[in-house]
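**Q** Structure for the following, please:
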Amino acid sequence: MAVTKFGFLTLLTMGAAQVSGRRQIQTPAQSPVLNEMTSQGCFSALPSDAEPHGSGAFLASGACWDSCTKKNKNVSITSGSTCYCSDNYPAKSSLVDDSSCDWPCPGYAMEACGGLDPKAYSVFNTGFELAPDYDDGEADDGDASSSATEASSSAFATISTASVASTKITVPSTTETEEVSSATATLDETSPVLPVTASQIAPVVNEQTAAATPSASTSIVPENASPRLSNPIGNIVRMMMSLL
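**A** Predicted structure coming up:
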């Protein structure tokens, strides 16, 4: 009976040694699910707003997740025997291969709780926010596409602004033309109006009238064209005028 107990204890000791000495691999990253814990990979740094929330011999990813959900945090992180909670993921540039997170969790040796040499962190989404920001300001793919769309719109707006600016360049030339026209009009208005003399007007000759009217040198005045006052009526008129 004593041998049996000794053998049993030996097997337990050997099993514990094998489990404690086994390097665990980080659970592969998964798509976040609402109200569920999902692995997001292994990182070499903590986010700037991470805070420790518990540590001890019974730490595992589930215990850390439970602690962070009570704090309404979006991200739970394990490393060694310490649990961290955060609103954001670590910087995207700090994402490393899953093999770096190989330290067995104290409370459950079948899963990894980050790494100790070099330091690494197992990161999980708590299910509160499915797309938290990364600590370096990078967004998830959905936000990235939105950013790309905004960038395209901004570029288009810049091109439109450049077109408007190029259109405005033509305005000064139009203004100069208007100023020249205005100056010309002012000059015309202020110029004195000189009178036109008779010598500056060319005589207008009607060829038909000229042909029909005989010249003075060749015309013959008939004898009966003498003054009408030579007749008797004319004499009477002269007498009356002399009396007056």
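
**Q** Give me the distance between residue 128 and residue 116.
**A** Taken as CB to CB, to the nearest Å, the spacing of residue 128 relative to residue 116 amounts to 29 Å. The way it works is simple: take the backbone N, C-alpha and C, and place the C-beta from them, glycine included.

**Q** again with residue 29
**A** Counting by CB to CB, the gap between residue 29 and residue 116 amounts to 21 Å.

**Q** quick one, which of these two is more surrounded?
**A** The neighbour comparison of residue 29 against residue 116 (other CB atoms under 10 Å) goes to residue 29, with 16 against 11.

**Q** Tell me the secondary structure of the more buried one, please.
**A** Three-state secondary structure (criterion: DSSP: H, G, I helix; E, B strand; the rest coil) places residue 29 in coil.

**Q** and the closest residue to it other than its chain neighbours, what helix or strand is that in?
**A** Once flanking residues are discounted, residue 29 sits nearest to residue 41: 4.3 Å by CB to CB, 6 or more residues apart in numbering. Counting by DSSP states H and E, the element that carries residue 41 is strand 38-43.

**Q** For whichever helix or strand comes after that strand, buried residues please.
**A** Beyond strand 38-43 in the direction of the C-terminus, DSSP H and E gives the next helix or strand as strand 51-55. Applying a neighbour-count criterion of 16 or more other CB atoms under 10 Å, one finds 53-55 buried in strand 51-55.

**Q** Surely residue 48 is in contact with residue 135?
**A** Yes - the pair residue 48 / residue 135 is scored as a contact, 5.6 Å apart, by CB atoms under 8 Å.

**Q** neighbour-wise, which of the two wins?
**A** The residue with more neighbours, out of residue 48 and residue 135 and counting by other CB under 10 Å, is residue 135; that gives 23 against 11.

**Q** Look up how far residue 233 lies from the closest residue to the more buried one other than its chain neighbours.
**A** Ranked by CB to CB, 6+ apart and with sequence neighbours excluded, the top spatial neighbour of residue 135 is residue 47, at 4.0 Å. Note on residue 47: its distance to residue 233, by CB to CB, is 139 Å.

**Q** between the two, which one's more packed in?
**A** In this comparison of residue 47 against residue 233, neighbours counted by other CB under 10 Å, the higher total goes to residue 47 at 24 against 10.

**Q** where do the helices sit along this structure?
**A** 2-21, 61-70, 141-168, 171-190, 207-212, 232-243 (DSSP state H).

**Q** Return the second one as PDB; C-alpha atoms alone will do.
**A** This points to helix 61-70. Taking C-alpha atoms only, helix 61-70 is exported to PDB below (Å, rounded to 0.1, in the frame of the first residue of the first chain):
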ATOM      1  CA  SER A  61      -7.200  34.000 -19.500                       C
ATOM      2  CA  GLY A  62     -10.800  33.300 -18.200                       C
ATOM      3  CA  ALA A  63     -10.100  34.800 -14.800                       C
ATOM      4  CA  CYS A  64      -8.500  37.900 -16.300                       C
ATOM      5  CA  TRP A  65     -11.400  38.300 -18.800                       C
ATOM      6  CA  ASP A  66     -13.900  38.200 -15.900                       C
ATOM      7  CA  SER A  67     -12.000  40.800 -14.000                       C
ATOM      8  CA  CYS A  68     -11.800  43.200 -17.000                       C
ATOM      9  CA  THR A  69     -15.500  42.800 -18.000                       C
ATOM     10  CA  LYS A  70     -16.400  43.900 -14.500                       C
END
